[in-house]
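Student: Sequence and predicted model, in that order:
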Amino acid sequence: MDISGARAEYERYLRLERGYSEHTVRSYGADLTDLETFARSRGITDVADLDLPFYRDWLWAASQRELAKSTLARRAATAKTFSAWLRRTGRIEIDAAIRLRAPKPDRTLPRVLSGDSMNGLLDVLHISAADGDPVAVRDVAVVELLYASALRVSELVGIDIDDLDLDRRTVRVVGKGSKERIVPFGVPAHHALTDYLGRSRRALLERRPATAAARPGAALFLGVRGGRLGTRSVYELVSGLLEAVPGGGPAGPHALRHTAATHLLDGGADLRAVQEMLGHASLGTTQIYTHVTVERLRASYQAAHPRA
């Protein structure tokens, strides 16, 4: 079978049978497109000719382009899962990538805002929304909920009104692998959401062009033109806010998720409870936040202890 056709079928499998998000499928697709291009440069067009030396050469060529270790590790994982699928579906006889190895990605600690920085960021939003501007009121609710419930941005924009339970202060979200979970939020987020639903969402809905469909669905958060709020808009909102906050590292919505998780553990939350709230399949993924807490403790010790 030719590589191009196998790649298309594999992406369809990830999307329909595994329930992966479009973002994840695109990531796999980009890696396999690069693999296919490299294969064609070697005169290889059939998946049966993808052997272990080929996969190693492909990763080595990528390393020569000085790609990050995390990228190389992801590409190795893509090749291994693709090859395993080819073998499992009978498209090849031997899983050639089963012994493929890649450098372990560098383990970097996520960006975490201090409690004061987070409060200052939220104060800025509340001041901007004081005059009742619908977008500003919505932005308060977006950031309050992101921080309160440690949501992924894709989960946030996918929330429908029926997913929200204001009485119990919980929201139902769909995470990776189409897995649903219920997560709580606190009183400030409750106030922000109530304010948004009471005086902002309807105003945004009225901005929807007359030529558009009569109803934008049941989306909780709406964009400036009345449709469902997109991930790019949330990225722009959060990155703009974080520009004024001291510290390096990623400046997207995930920084608020990292911050919420770390603050929960700093406050004494159980690690497994945080794992469930974040929707992590593995406890090991959640444990990165314990490292963040230890690093913060170490920094405080170095700054304060006379014999540090």
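Tutor: Now that the structure is in, tell me what you want to look at.

Student: What are the phi and psi values at Ala219?
Tutor: Main-chain torsions, Ala219, degrees, to the nearest 10: phi -60, psi 130.

Student: ok, the residue nearest to it when sequence neighbours are not counted - how many residues close by?
Tutor: Closest residue to Ala219 apart from its sequence neighbours, by Cβ to Cβ, 6 or more residues apart in numbering: Arg228 at 3.9 Å. For the C-beta atoms, the positions are set from N, CA and C on the backbone; glycine is no exception. Neighbourhood size, Arg228 [other Cβ atoms under 10 Å]: 16.

Student: Spell out the residue ranges of the helices in the stretch 151-300 of the chain.
Tutor: With helices called from DSSP state H, counting those that start in this stretch, the stretch 151-300 of the chain shows them at 153-157, 187-199, 201-205, 231-242, 254-266, 271-278, 283-286, 288-304.

Student: Identify whichever of these lies nearest to Arg75.
Tutor: helix 283-286 (20.1 Å; Cβ to Cβ).

Student: For stretch 258-271, buried residues please.
Tutor: His258, Thr259, Ala260, Ala261, Thr262, His263, Leu264, Leu265 (16 or more other Cβ atoms under 10 Å).

Student: Oh, that last question was meant for stretch 84-102, not what I typed.
Tutor: Trp85, Leu86, Arg87, Arg91, Ile92, Asp95, Ala96, Ala97, Leu100, Ala102.

Student: Kindly provide the distance from the nearest residue to Arg207 once chain neighbours are set aside to Val142.
Tutor: In space, and not counting its chain neighbours, Arg207 is closest to Gly226: 4.6 Å by Cβ to Cβ, 6+ apart. Using Cβ to Cβ, to the nearest Å, Gly226 is found at 16 Å from Val142.

Student: So those two - more neighbours on which side?
Tutor: Between Gly226 and Val142, Val142 has the larger neighbour count (other Cβ under 10 Å), namely 27 against 17.

Student: so the more buried one touches Leu156, yeah?
Tutor: Yes - the criterion here is Cβ atoms under 8 Å, and Val142 meets it with Leu156 at 6.9 Å.
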